[in-house]
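Student: Sequence and predicted structure below; questions after.
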Amino acid sequence: MDLNELKDRQRSQGPVSVVILAAGRASRMGGEGYHKLLAEFEGVPLIRRSVLVALKCSASSITVVSGYQREKIEKAISGLPVGIVFNADYLLGMASSLVAACSAASIRDAEGVLVMLADMPGITPHHLDKLISVFLANEGRSIVRAVCGEIPGNPAILPRSLVPMILGLRGDIGARQIIEASGYPVVGVAIGHAALLDVDTPNEVIAAGGILVR
């Protein structure tokens, strides 16, 4: 499927927008100059791989939040039909990235916001479509999140009505706090170990099949 076909498909698809969080400092990668999102999996930088996964699911739009090493991250996803929001406050933590994303025009008309971490190499389009399908089956009245067995993981879909709560987040906190405080029912969707697999350190990148790239 070429980029024009992807754009056409997105225009005809459902009311869930994907937000890919890619602004963090990757502080656990050490001092060797590696960025986990630039590590290559099957020859593709992890950030680009994550965006391509999202583009193949039944979402209406994709928004990537960049921050640390903005130039390299945005270059790695150049040419893809996604929106990019630069979070100038990325040093303040994950909340600032969620606020930046949910302030984007592409989110305003969405019934749900699928929050996806960019450093999860096990996530597939099928996983995202499972989450979206369950969210739509619940008519957007529930939070839907990926689980591995009984353990909650990522990604998660938040109803549009929670966007004001997201915009009030501060500090190094993410969607988990919204999920716990929202009062909405939470529906778990089993996607296996992929729900828990993120790569924060060089060893984790290598163990997951990645190749470190400066």
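Tutor: Cool, the structure landed.

Student: isn't residue 41 right next to residue 213, touching?
Tutor: No: applying C-beta atoms under 8 Å, one finds residue 41 not in contact with residue 213, separated by 10.6 Å. Glycine gets a C-beta too; all of them are placed from N, C-alpha and C.

Student: Am I right that residue 154 sits in a strand?
Tutor: Yes: when DSSP: H, G, I helix; E, B strand; the rest coil is applied, residue 154 is found to be in a strand.

Student: all strands for the chain, in order.
Tutor: 16-22, 40-41, 44-45, 61-66, 83-86, 112-117, 143-148, 151-159, 186-190 (DSSP state E).

Student: Give me the contact list for the second one.
Tutor: Read it as strand 40-41. Strand 40-41 is contacted by residues 46, 49, 121, 208-211, 213 when judged by C-beta atoms under 8 Å, 6 or more residues apart in numbering.

Student: In this structure, where's the longest helix?
Tutor: Longest helix of the chain, by residue count under DSSP state H: helix 125-137.

Student: Drop the exposed ones from the contacts of strand 40-41 and show what's left.
Tutor: Among the contacts of strand 40-41, those classed as buried by 16 or more other C-beta atoms under 10 Å are 46, 49, 121, 208, 210.

Student: So which of those residues belong to helices?
Tutor: 46, 49.

Student: What average pLDDT does stretch 138-145 get?
Tutor: Confidence over stretch 138-145 (mean pLDDT, whole number) is 93.

Student: Span of it from start to end?
Tutor: The first residue of stretch 138-145 is 13 Å away from its last residue (C-alpha to C-alpha, to the nearest Å).

Student: how about that stretch: buried residues?
Tutor: Neighbour-count burial for stretch 138-145, counted by 16+ other C-beta under 10 Å, picks out 138, 140, 142-145.

Student: what residue lies at the spatial centre of the protein?
Tutor: The centroid of the chain falls nearest to residue 116 when counting by C-alpha atoms, centre = their mean (1.9 Å).

Student: Hmm, that residue is touching residue 155, no?
Tutor: Yes: taking C-beta under 8 Å as the definition, residue 116 is a contact partner of residue 155 at 4.3 Å.

Student: Now for these two: what residues contact both?
Tutor: Contact with both residue 116 and residue 155 is made by residues 123, 128, according to C-beta under 8 Å, 6+ apart.
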